[in-house]
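Student: From the sequence below, what's the structure:
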Amino acid sequence: MDRLEELVEQARDSLRAVGCEVFEARRGEEAVKYLLDQLEGEGVVVKSKSNTLKELDLLERLEERGVEVVETDLGDRIIQLSGEEPLHPVGPAVHLTLEEVAAALSREVGRELPPDVEELIRASRLRLRERILEARVALTGANVIAAEEGAIGLVENEGNISLITRLPEKHLAVAGIDKIVPTLEEAVTVMKTCEAFLTVTGAYYSFIRGPSRTADVMGIEQFGMHGAKEVHVILLDGWRREAARKGMKELLYCCNCGACLSVCPVLLETAHAFSSRVGAGPMGVVRTWFVLGPEEAIRGGLFACTGCGACRKICPASIDLPRLIERLRVEACSRGFTLPPHSSLAENILRVGNPFGEKPE
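Tutor: Residues are numbered from 1 along each chain as shown. The predicted model follows:
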């Protein structure tokens, strides 16, 4: 993170050198505009799971333009079809019953599916492959970017990302600038760390260095053989430089493994009450502050955190989320954002000297 500006510049130059189109977006709206321009005229877009894309109000904008966005991660697709709210970034549909999943997927395949896991997976695989073959453009995030080599690193367990980054003609990858590391060696370390703390094992590691190419005809290099003909990388700042300036640089250490969510007692007990569209749990609420503002962070559970430290203890980067949340609470209160029960307790203390409002004997 201390070399962030240098690495952003190096990554941009290296990605362009291997044939990628690179767009640097200071704000989320700039990224959205670029993506909408690239998707102009498309009827369907296939998408993989991406925390960075959650920051952008992109899917609604695409739907307004008549572009269908097909989630290719099975959990995300179930959530999309059922209309439910996701629970966990790794397993967004784990809270749904087998019958609810069967009902959602039955609507997708056009026939009634039994509440049988193997049959549901088989039917979903066939239908998703049909949708992937329809699409000309794919939309993904990135687990990491190696600045020296100009390589996009992706970890997955289902194989859907491998398919959508190769079969469609155009691949649009959106990555926060915090995903940039110096070399492939560090990139592999990040990917291994992310996998080690996931609740599922990653079956595939992919590195993408530009569009597919061949020089087998007269030695003349041409883009677009079996893989994508175009690869666009959108490097998003959004809130990241601001967080670093505010002394909260450790937020950028996060590799999105989701381990903090698996141990958070508040999230485990309250589920969607401790989340927003940006993310769930302690990391989600801090990101919500920077992306959507203090009021949305409060609605998402800024004052719900108990400060127990379980997230800090399990985090592979040792991010002190309770301390960061406490800092944001102080700032929220200084701006006049306090919960009514807290205001009542404070008034009681000032009035009679105790939080219960009871006059001393």
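
Student: could you pull out the strands for the stretch 1-150 of the chain?
Tutor: Counting by DSSP state E, counting those that start in this stretch, the stretch 1-150 of the chain has strands at residues 21-25, 44-47, 68-71, 137-140, 144-146.

Student: ok, which stretches of the stretch 251-361 of the chain are helices?
Tutor: Assigned by DSSP state H, counting those that start in this stretch, the helices in the stretch 251-361 of the chain fall at 259-263, 265-270, 281-292, 294-299, 310-314, 321-334, 340-352.

Student: Skip the chain neighbours and tell me the closest residue to residue 117.
Tutor: In space, and not counting its chain neighbours, residue 117 is closest to residue 98: 7.1 Å by Cβ to Cβ, 6 or more residues apart in numbering. Using the backbone N, CA and C atoms, a C-beta is placed for each residue, glycine as well.

Student: cool, residue 25 as well?
Tutor: Ranked by Cβ to Cβ, 6+ apart and with sequence neighbours excluded, the top spatial neighbour of residue 25 is residue 31, at 3.8 Å.

Student: cool, and residue 354?
Tutor: That would be residue 348: by Cβ to Cβ, 6+ apart, it lies 6.5 Å from residue 354.

Student: give the contact list for the one you found.
Tutor: 354-357 (Cβ atoms under 8 Å, 6 or more residues apart in numbering).

Student: picking up where we left off before, mind checking which of the strands of the stretch 1-150 of the chain is nearest residue 213?
Tutor: Shortest separation from residue 213 across the strands of the stretch 1-150 of the chain is recorded for strand 21-25, at 14.8 Å, computed as Cβ to Cβ.

Student: and the gap between the closest residue to residue 256 other than its chain neighbours and residue 174?
Tutor: Nearest residue to residue 256, sequence neighbours excluded (Cβ to Cβ, 6+ apart): residue 51, at 5.1 Å. To residue 174, residue 51 is 10 Å away according to Cβ to Cβ, to the nearest Å.

Student: intersection of neighbour lists for those two?
Tutor: residue 141.

Student: quick check: domain ranges of the chain?
Tutor: Domains of the chain are assigned by automatic domain parsing as 4-238, 258-344.

Student: closest one to residue 246 among those?
Tutor: When these are compared by Cβ to Cβ, domain 258-344 sits nearest residue 246, at 8.5 Å.

Student: Can you add mean neighbour count and distance to residue 60 and give the strands of the stretch 1-150 of the chain back as TSV?
Tutor: Formatted as TSV, those follow (neighbours: other Cβ atoms under 10 Å; distance: least, Cβ to Cβ, whole Å):
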stretch	mean neighbour count	distance to residue 60
strand 21-25	18	18
strand 44-47	23	13
strand 68-71	19	10
strand 137-140	26	14
strand 144-146	27	27
